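*Asks:* Provided below for reference: sequence and predicted model.
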Amino acid sequence: MTTSEVVVDVDGLRMRYGTTDVLRDVNFRAHQGEVLCLLGPNGAGKTTSIEIMEGFRMRSAGRVEVLGTDPAHGDEPWRARVGIVLQSWRDHGKWRVRQLLEHLGSYYAAYSTESIKRPWDASQLVAAVGLTEQADKKVRMLSGGQRRRLDVAIGLVGRPELVFLDEPTAGLDPVARRGFHELIEGLTDEGETTILLTTHDLSEAEKLADRILVLDGGRIIADGTAAELARQIAGQDEVRWTRDGQSFRQSTTESTRLVFDLFKQHGEAIENLEVRRASLEDTYLSLVHQAESGTNEAAETNKAEEVAR
Ligand SMILES: Nc1ncnc2c1ncn2[C@@H]1O[C@H](COP(=O)(O)OP(=O)(O)OP(=O)(O)O)[C@@H](O)[C@H]1O
């Protein structure tokens, strides 16, 4: 569920490293309770954007507000409301899992409010991220995936209102990944926690995101639900069939009409009919290709194309 409260407001964000503009003009908003997935090719500037919103990196230009505050000037009470899961956490090898969470959680007690009790109870949190069996193990004894779960727990221990997760499921096995997805869905059930995550896993984005943002060439080139993004790509359905032993394939926005016409024209001669909807992967690849080639590929792919193979 989303309310109208704007939790993240980014307007005209620019970031230049040396003489290279990584972010040219980034604009988007996140509302309370939304899960936003930030996608984009390697080096597009996702981590840079997240670090700016976290207050870890100073931007070159533009306006950024996170929970009503410019992150460049975020104070401790503001920081307590923001949870951060980095790509890799510093090593706390000698600490035991629950002990570390209790220790880090203790810093948040001062920021407990009537409506949000801080920190999250360490044992409950350990259970929520599936580390109960490892609760008394030293961090250095954990596997890579178990450390990743601990990273997530560290990001959540202060019961943040907004959580930034940079590639949270990289290195997780399928069971742990599913567990993480359930954790995120549980967090957002109440509609209060806002989540902004980066991922290269498009099925994960499709599953978790209320909205998907695609960052490329220093700009947000797409912003919407997976279905809305797919609609931006003309020729989103692919229809395949065989007739008289020949294979055909056609991209179309009007698959029902095409199938109707095929049967009207050829009747039972049409065999092996398949209608394939664009996946988020198709949409993403097409958006990035369009942005990078600078061509209006949508217009081209919209032209009905029949390929005999
Ligand atoms: N401190 C820095 N100084 C100079 N250039 C940097 C710095 N940090 C990042 N960059 C450059 O900025 C660009 C964006 O990097 P960033 O890590 O934000 O991308 P990303 O989208 O998160 O990539 P990935 O998907 O590979 O994690 C890259 O070209 C990177 O080399």
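*Replies:* Ah, there it is.
*Asks:* show me where the protein has helices.
*Replies:* 46-54, 76-80, 97-106, 122-128, 144-156, 174-188, 202-208, 226-232, 255-266, 280-293, 297-302 (DSSP state H).
*Asks:* What ranges in the stretch 51-200 of the chain fall below the confidence cut-off?
*Replies:* 87-91 (pLDDT under 70).
*Asks:* just to revisit the earlier point, figure out which of the helices of the chain is closest to the ligand.
*Replies:* Evaluated over the helices of the chain, closeness to the ligand peaks at helix 46-54, with 3.3 Å, by Cβ to the nearest ligand atom. Any C-beta I mention is one placed from the backbone N, CA and C, and that applies to glycine too.
*Asks:* what packs against the closest one?
*Replies:* strand 6-17, strand 20-31, strand 35-39, strand 61-66, strand 162-166, strand 194-198 (3 or more Cβ pairs under 8 Å, 6 or more residues apart in numbering; DSSP states H and E).
*Asks:* try 10 Å
*Replies:* Packing partners of helix 46-54 (3 or more Cβ pairs under 10 Å, 6 or more residues apart in numbering; DSSP states H and E): strand 6-17, strand 20-31, strand 35-39, strand 61-66, strand 82-85, strand 162-166, strand 194-198, strand 211-216.
*Asks:* can you redo those strands as TSV with mean neighbour count?
*Replies:* TSV is the format used below for these (neighbours: other Cβ atoms under 10 Å):
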stretch	mean neighbour count
strand 6-17	18
strand 20-31	18
strand 35-39	25
strand 61-66	17
strand 82-85	23
strand 162-166	24
strand 194-198	25
strand 211-216	24
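*Asks:* Quick check: which of the ones you listed is nearest to the ligand?
*Replies:* Per Cβ to the nearest ligand atom, nearest to the ligand of these: strand 6-17, 3.4 Å.
*Asks:* Could you check the pLDDT of the nearest residue to Q232 once chain neighbours are set aside?
*Replies:* Distances taken as Cβ to Cβ, 6 or more residues apart in numbering place A222 nearest to Q232, at 6.4 Å, with adjacent residues excluded. Turning to A222, the model gives it a pLDDT of 93.
*Asks:* For A222, give me its contacts.
*Replies:* A222 is in contact with 39, 211-216, 228-229, 232-233, 283-284, 286-288, 290-291, counting by Cβ atoms under 10 Å, 6 or more residues apart in numbering.
*Asks:* Mind putting the helices of the chain into CSV with distance to the ligand and mean neighbour count?
*Replies:* Shown next, in CSV, are these (distance: least, Cβ to the nearest ligand atom, whole Å; neighbours: other Cβ atoms under 10 Å):
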stretch, distance to the ligand, mean neighbour count
helix 46-54, 3, 22
helix 76-80, 21, 16
helix 97-106, 25, 19
helix 122-128, 26, 17
helix 144-156, 15, 22
helix 174-188, 18, 16
helix 202-208, 13, 19
helix 226-232, 18, 17
helix 255-266, 34, 13
helix 280-293, 12, 18
helix 297-302, 23, 15
